[in-house]
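A.B. asks: Predicted model and sequence below, questions to follow.
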Amino acid sequence: MPYVIITNSDPATLAQREALRPAHIEHLRRHQHLLLAAGGMLEDDGARGNGGVMLLDTEDRAVAEVFLAGDPFQQAGLFTAVRISRWRKAFFNFEALV
(Lines give C-alpha, C1' and ligand atoms only; values in the text may rest on other atoms or scores of the structure.)
Protein backbone atom coordinates (compact mmCIF):
# COMPACT_ATOMS: atom_id res chain seq x y z
CA MET A 1 0.00 0.00 0.00
CA PRO A 2 1.60 3.33 -1.06
CA TYR A 3 2.26 6.35 1.10
CA VAL A 4 1.05 9.89 0.53
CA ILE A 5 2.93 12.95 1.74
CA ILE A 6 0.80 16.09 2.09
CA THR A 7 2.57 19.35 2.83
CA ASN A 8 1.38 22.84 3.64
CA SER A 9 3.43 25.98 3.21
CA ASP A 10 3.26 29.53 4.48
CA PRO A 11 2.50 32.17 1.83
CA ALA A 12 5.26 34.30 3.38
CA THR A 13 7.83 31.76 2.10
CA LEU A 14 6.87 32.21 -1.57
CA ALA A 15 10.17 33.83 -2.57
CA GLN A 16 12.16 31.05 -0.86
CA ARG A 17 10.01 28.37 -2.49
CA GLU A 18 10.47 29.93 -5.92
CA ALA A 19 14.24 30.08 -5.39
CA LEU A 20 14.35 26.42 -4.31
CA ARG A 21 11.79 25.13 -6.84
CA PRO A 22 14.42 23.95 -9.41
CA ALA A 23 16.17 21.91 -6.69
CA HIS A 24 12.80 20.57 -5.49
CA ILE A 25 11.86 19.50 -9.05
CA GLU A 26 15.28 17.88 -9.47
CA HIS A 27 14.69 15.96 -6.23
CA LEU A 28 11.39 14.69 -7.64
CA ARG A 29 13.08 13.70 -10.92
CA ARG A 30 15.86 11.84 -9.09
CA HIS A 31 13.21 9.85 -7.24
CA GLN A 32 10.80 9.46 -10.14
CA HIS A 33 11.03 5.68 -9.74
CA LEU A 34 9.21 6.09 -6.39
CA LEU A 35 6.55 8.55 -7.52
CA LEU A 36 3.08 7.53 -8.60
CA ALA A 37 2.08 11.19 -8.67
CA ALA A 38 3.24 14.53 -7.34
CA GLY A 39 2.04 18.08 -7.64
CA GLY A 40 1.43 21.38 -5.95
CA MET A 41 -1.72 22.42 -4.15
CA LEU A 42 -2.90 25.89 -5.14
CA GLU A 43 -5.10 28.61 -3.74
CA ASP A 44 -8.57 28.69 -5.33
CA ASP A 45 -7.52 31.45 -7.72
CA GLY A 46 -4.61 29.28 -8.92
CA ALA A 47 -2.15 32.11 -8.42
CA ARG A 48 -0.19 30.79 -5.43
CA GLY A 49 0.88 27.43 -4.13
CA ASN A 50 0.04 26.43 -0.59
CA GLY A 51 1.60 22.99 -0.36
CA GLY A 52 1.89 19.76 -2.24
CA VAL A 53 0.96 16.11 -2.56
CA MET A 54 3.45 13.33 -3.32
CA LEU A 55 2.26 9.77 -3.73
CA LEU A 56 5.05 7.24 -3.26
CA ASP A 57 5.08 3.65 -4.43
CA THR A 58 6.58 2.07 -1.33
CA GLU A 59 5.45 -0.28 1.41
CA ASP A 60 7.99 1.19 3.83
CA ARG A 61 7.25 4.38 5.77
CA ALA A 62 10.98 4.87 6.33
CA VAL A 63 11.43 5.24 2.55
CA ALA A 64 8.81 8.01 2.55
CA GLU A 65 10.51 9.71 5.50
CA VAL A 66 13.94 9.60 3.82
CA PHE A 67 12.42 10.92 0.58
CA LEU A 68 10.84 13.82 2.47
CA ALA A 69 14.04 14.55 4.41
CA GLY A 70 15.92 14.96 1.12
CA ASP A 71 13.45 17.47 -0.31
CA PRO A 72 15.04 20.95 -0.48
CA PHE A 73 11.75 22.52 0.67
CA GLN A 74 11.79 20.32 3.79
CA GLN A 75 15.48 20.96 4.40
CA ALA A 76 14.86 24.73 4.28
CA GLY A 77 11.98 24.43 6.77
CA LEU A 78 9.41 25.77 4.31
CA PHE A 79 6.61 23.36 5.23
CA THR A 80 4.32 24.51 8.03
CA ALA A 81 2.76 21.06 8.27
CA VAL A 82 3.54 17.62 6.89
CA ARG A 83 1.41 14.51 6.95
CA ILE A 84 2.63 11.07 5.89
CA SER A 85 -0.09 8.45 5.60
CA ARG A 86 -0.82 5.11 3.99
CA TRP A 87 -2.93 5.48 0.88
CA ARG A 88 -5.44 2.96 -0.43
CA LYS A 89 -6.08 3.14 -4.14
CA ALA A 90 -9.75 3.29 -5.09
CA PHE A 91 -9.24 4.73 -8.58
CA PHE A 92 -6.12 5.68 -10.47
CA ASN A 93 -5.71 7.00 -13.99
CA PHE A 94 -2.17 6.85 -15.37
CA GLU A 95 -2.67 9.84 -17.65
CA ALA A 96 0.05 12.47 -17.36
CA LEU A 97 -1.46 15.93 -17.04
CA VAL A 98 1.72 18.02 -17.20
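C.D. replies: Looks like it arrived, so ask away. Residues are numbered from 1 along each chain as shown.
A.B. asks: CA atoms for contacts and neighbours, from now on please.
C.D. replies: Will do.
A.B. asks: Run through the helices of the protein in chain order.
C.D. replies: 14-30, 61-69, 72-75 (DSSP state H).
A.B. asks: Can you say which of these is nearest to residue 84?
C.D. replies: helix 61-69 (7.7 Å; CA to CA).
A.B. asks: quick one on the thing from earlier: could you dump the helices of the chain to a markdown table with mean neighbour count and mean pLDDT?
C.D. replies: Converted to a markdown table, the helices of the chain look like this (neighbours: other CA atoms under 10 Å; pLDDT from 0 to 100):
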| stretch | mean neighbour count | mean pLDDT |
| --- | --- | --- |
| helix 14-30 | 14 | 94 |
| helix 61-69 | 15 | 98 |
| helix 72-75 | 16 | 96 |
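A.B. asks: Need the ones you listed in TSV (columns: distance to residue 87).
C.D. replies: Shown next, in TSV, are these (distance: least, CA to CA, whole Å):
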stretch	distance to residue 87
helix 14-30	19
helix 61-69	11
helix 72-75	21
